[in-house]
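> Provided below for reference: sequence and predicted model.
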Amino acid sequence: MKNSSSYQHENRCYKITSKNIYKGNSTLSSGHIVFDSSGIQAIDDDKSTPNIELNIGDRLLLPGIIDLHGDSWENTMMPRANIYFDPKKSLLSLDKELACSGITTAYLAQGYSWEGRTRSPEAAENFLKLFSEYKHLMQADVRVQIRLETELKNSAEKICQLISDHNIDYLAFNNHIPQAKHQRDKSPLDFANWAEKRGITVEELSNIVDAYLDHDNKETSINTAKVAEFLKKRGLTIGSHDDKTIETRQFYRSLGADVCEFPVVKEVAADAKKNNETIIMGAPNVARGGSHTNNIAAEELIRENLCDVLVSDYYLPALIQAVEVITKKEIMPFCEAWDLISVNPAKALGFFDRGVIKIGNRADFVIVNPQTFEVEATISNGSFTYLRDSIIACFH
């Protein structure tokens, strides 16, 4: 079992009663949950003695959202290219954004890439040092996922040391050099936007791409294999990102990557499903009705049972918006849709203390209005981290 966040608060014992509780077992039921900062203490047990009670009526009481991949935090730290804000205040601001989105466990996707700026190896090392310093102040359980660009030269030793030093438990391999070349040649406006987001000129980005197109692929394959072996020996989660072909998925599978993030085409997702691997897609793809990069629509994969987990990607509120879309379109029942952002991500990362509501688990919940799908309260590790007036009125 993975360690919980170190955030501590004054312990209060709460009892929440609801007509619509989802415990992670495919059905809604009425009842009550008793919890404090040490976890869920009782379920439908009238002998429990909480000191604070609230009845939320027909509002949904759900397992807290688990987000396995999000990079919107980059905009919180650097809202414009090369414009940085205080890292401590930025992380605390991010914590509030997570809370009002119903997210109780979050992975910040940190690039370790040739792209430079916030995704350079140096930036990754600096960010992880700052994150380690301020993580204990955050109320959500926030962790870091490393996105390793496989074309980086001589990165194996450094990345393995970084993983060890900062207790990283999830890494995804990706190679965006072919995509960068394609955009430069066929879609110069997208290429220019890429450069702007990274805070470099189009010429600088083009020169970087040319340098990596010219180097020895054998060296990068050896480098990738070394990192994968390091991760496997420690039992850490390995994924691959933006797989475009079955051959690419097979290559990463051979390295132990059993998480398939954002497959570009349906055939790759089908191959991952056939091999009992976790398939992750972006919630914004569902909420917007399609991919902003013209890749496969996540909704299509969900309809064909080829998507197990939804993640925030670049927009935190998209997680609950995606559940609303899936439910209202009757793509799947509400409870199954909620599994995409709670039960299933917990299973994918090996969390046994969250994702479902059961005695002994972390007290991570979100309260949602069933008519509007608005988050009205979030509870992380037994503490209310977000609370609207509508829920304050339910205390008695």
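Happy to help now that I have it.
> quick check: Arg253 vs Tyr170, distance?
Here Arg253 is placed at a distance of 17 Å from Tyr170 (Cβ to Cβ, to the nearest Å). All C-beta spots, glycine's among them, are computed from the backbone N, C-alpha and C.
> more neighbours, those two?
Under the criterion of other Cβ atoms under 10 Å, the comparison of Arg253 against Tyr170 puts Tyr170 first, with 23 against 19.
> contact partners for that one?
Leu68, Tyr107, Arg143, Gln145, Ile146, Leu236, Thr237, Gly239, Leu349 (Cβ atoms under 8 Å, 6 or more residues apart in numbering).
> how about Ala337?
Contacts of Ala337 (Cβ under 8 Å, 6+ apart): Ala322, Val323, Ile326, Thr327, Ile331.
> which among those count as buried?
Ala322, Val323, Ile326, Thr327 (16 or more other Cβ atoms under 10 Å).
> narrow those residues to those in helices?
Ala322, Val323, Ile326, Thr327 (DSSP state H).
> let's have those residues in CSV, adding pLDDT and distance to Val356.
Formatted as CSV, those follow (pLDDT from 0 to 100; distance: Cβ to Cβ, whole Å):
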residue, pLDDT, distance to Val356
Ala322, 98, 20
Val323, 98, 16
Ile326, 98, 19
Thr327, 98, 19
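> quick one: which of those is nearest to Ala123?
Comparing those against Ala123 with Cβ to Cβ picks out Ala322 as the nearest, at 29.6 Å.
> quick one on the thing from earlier: which two among the ones in helices among the buried ones among the contacts of Ala337 are spaced furthest apart?
Ala322 and Thr327 (9.6 Å).
> show me where the stretch 151-300 of the chain dips below the pLDDT cut-off.
214-219 (pLDDT under 70).
> and the longest helix along the chain, what does it pack against?
Assignment by DSSP H gives helix 217-233 as the longest helix of the chain. Packing contacts for helix 217-233, counted by 3 or more Cβ pairs under 8 Å, 6 or more residues apart in numbering; DSSP states H and E, involve helix 156-165, strand 170-174, strand 237-241.
> 7 Å - rerun?
helix 156-165 (3 or more Cβ pairs under 7 Å, 6 or more residues apart in numbering; DSSP states H and E).
> report pLDDT for the most centrally placed residue in the chain.
Nearest to the geometric centre of the chain sits Leu68, at 2.3 Å (Cα atoms, centre = their mean). pLDDT, Leu68: 98.
> so who does it touch?
Tyr107, Ile280, Val309, Val311, Pro345, Ala348, Leu349 (Cβ atoms under 7 Å, 6 or more residues apart in numbering).
> looks to me like it is in a strand.
Yes - secondary structure of Leu68 (DSSP: H, G, I helix; E, B strand; the rest coil): part of a strand.
> what's the spacing between it and Ala211?
Taken as Cβ to Cβ, the span from Leu68 to Ala211 is 32 Å.
> and stretch 296-315, which residues are buried?
Applying 16+ other Cβ under 10 Å to stretch 296-315 flags 296-302, 306-315 as buried.
> the residues you listed in helices, which ones?
Going by DSSP H, the helices hold Ala298, Glu299, Glu300, Leu301, Ile302 from the buried residues of stretch 296-315.
> which SS state does Ile40 fall under?
strand.
> between the contacts of Ala337, which sits nearest Phe131?
Using Cβ to Cβ, those come closest to Phe131 at Ala322, 26.9 Å.
> I figured that closest one was touching Val309, is that so?
No - Ala322 is beyond contact range of Val309, at 11.2 Å (criterion: Cβ atoms under 7 Å).
> out of the contacts of Tyr170, who has the most neighbours?
Leu68 leads the contacts of Tyr170 on contacts (other Cβ under 10 Å) with 28 neighbours.
> quick check: that residue vs Arg362, distance?
Distance from Leu68 to Arg362, by Cβ to Cβ: 16 Å.
> cool, Asp258 as well?
From Asp258 to Arg362 the distance is 24 Å (Cβ to Cβ).
> wait, what's in contact with Asn51?
Here Asn51 is in contact with Arg12, Cys13 (Cβ under 7 Å, 6+ apart).
> now it: phi and psi?
Per-residue torsions, Asn51: phi -100, psi -10 (degrees, to the nearest 10).
> again with the one 5 residues further on
With angles defined as degrees, to the nearest 10, Ile56 shows backbone torsions of phi -100, psi 10.
> was I right about it contacting Cys394?
Yes - contact criterion Cβ under 7 Å: Ile56 and Cys394 qualify, at 5.1 Å.
> give me every residue that touches Ile21.
Ile21 neighbours (Cβ under 7 Å, 6+ apart): Leu28, Ser29, Ser30, Gly31, Ile33, Leu61, Ile357.
> my error: substitute Gln41 in the last question.
Val34, Phe35, Ser48, Ile359.
> tell me which of those residues fall in helices.
Per DSSP H, the contacts of Gln41 never map to helices.
> which of those residues count as buried?
Val34, Phe35.
> which residue in the contacts of Gln41 has the weakest pLDDT?
Lowest pLDDT among the contacts of Gln41: Ser48, with 80.
> ok, that residue to Ala363 distance?
13 Å.
> could you do Asp71 as well?
28 Å.
> which of these two has more neighbours?
Ala363 (24 against 20).
> does the more buried one touch Ile379 like I think?
Yes - using Cβ under 7 Å, Ala363 is in contact with Ile379, at 6.1 Å.
> mutual contacts of the two, please.
By Cβ under 7 Å, 6+ apart, no residue touches both Ala363 and Ile379.
> neighbour count winner among Asp258 and Arg362?
Taking neighbours as other Cβ under 10 Å, Asp258 and Arg362 compare with Arg362 leading, 25 against 17.
> and that one, helix, strand or coil?
coil.
> how about it, phi and psi?
Torsion angles, degrees, to the nearest 10, at Arg362: phi -60, psi 140.
> from what I see, it and Ser380 are in contact.
No - using Cβ under 7 Å, Arg362 is not in contact with Ser380; the gap is 8.3 Å.
> closest to Lys129 among the contacts of Tyr170?
For the contacts of Tyr170, the nearest to Lys129 is Ile146 (14.3 Å; Cβ to Cβ).
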